[in-house]
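Engineer: below is the structure, and that's it, no one-letter string:
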């Protein structure tokens, strides 16, 4: 695996990560997950509540967040999917389907190898796991007035 890693070039360490734009991250999450509740963390990890799930484990955003914190940083499998509008990538997390990492276009150079984008998503997810600072919670508005 080392030759492939060398082919994609050096990756930043967690200390070298620059904070992504809060407004851009929120805009991407709102556009990508308009019908879901989600939590956005400081380095671009987005935890998405799956309303179709019958499991009570993720019955609330707080339960989803608590469950994610228990799993740990062993969430290293996934793929990077470019956003159609070119604003960045969504990096999936195979072992925790409710979590994605958002990599903004200005965080990597044009033409960056997809594996490098995926690995950057893992580094950012790990940074968010080690220091889970919530940037934003997107809650659904109740269809009943006064119940927000």
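Structural biologist: Here it is on my side, so go on. Remember, it's a predicted structure, so these values are computed and weren't measured experimentally.
Engineer: which pLDDT value goes with residue 65?
Structural biologist: Per-residue confidence (pLDDT) for residue 65: 79.
Engineer: and the gap between it and residue 116?
Structural biologist: 28 Å (Cβ to Cβ, to the nearest Å). Placement of C-beta: from N, CA and C, glycine included.
Engineer: same deal with residue 104?
Structural biologist: Taken as Cβ to Cβ, the span from residue 104 to residue 116 is 14 Å.
Engineer: go on, residue 126?
Structural biologist: 16 Å.
Engineer: can you give me the helices for this protein?
Structural biologist: 2-8, 22-32, 61-71, 114-130 (DSSP state H).
Engineer: among those, which is the most enclosed?
Structural biologist: The highest mean neighbour count among the helices of the chain, using mean count of other Cβ atoms under 10 Å, belongs to helix 114-130: a mean of 20.
Engineer: low pLDDT regions in the protein?
Structural biologist: Across the chain, residues meeting the criterion (pLDDT under 70) sit at 1-17, 51-59, 68, 71-77, 95, 141-148.
Engineer: residues touching residue 46, list them.
Structural biologist: 25, 29, 33, 38-40, 99-102 (Cβ atoms under 8 Å, 6 or more residues apart in numbering).
Engineer: apply 7 Å and report the result again.
Structural biologist: Shown in contact with residue 46 (Cβ atoms under 7 Å, 6 or more residues apart in numbering): 29, 38, 40, 100, 102.
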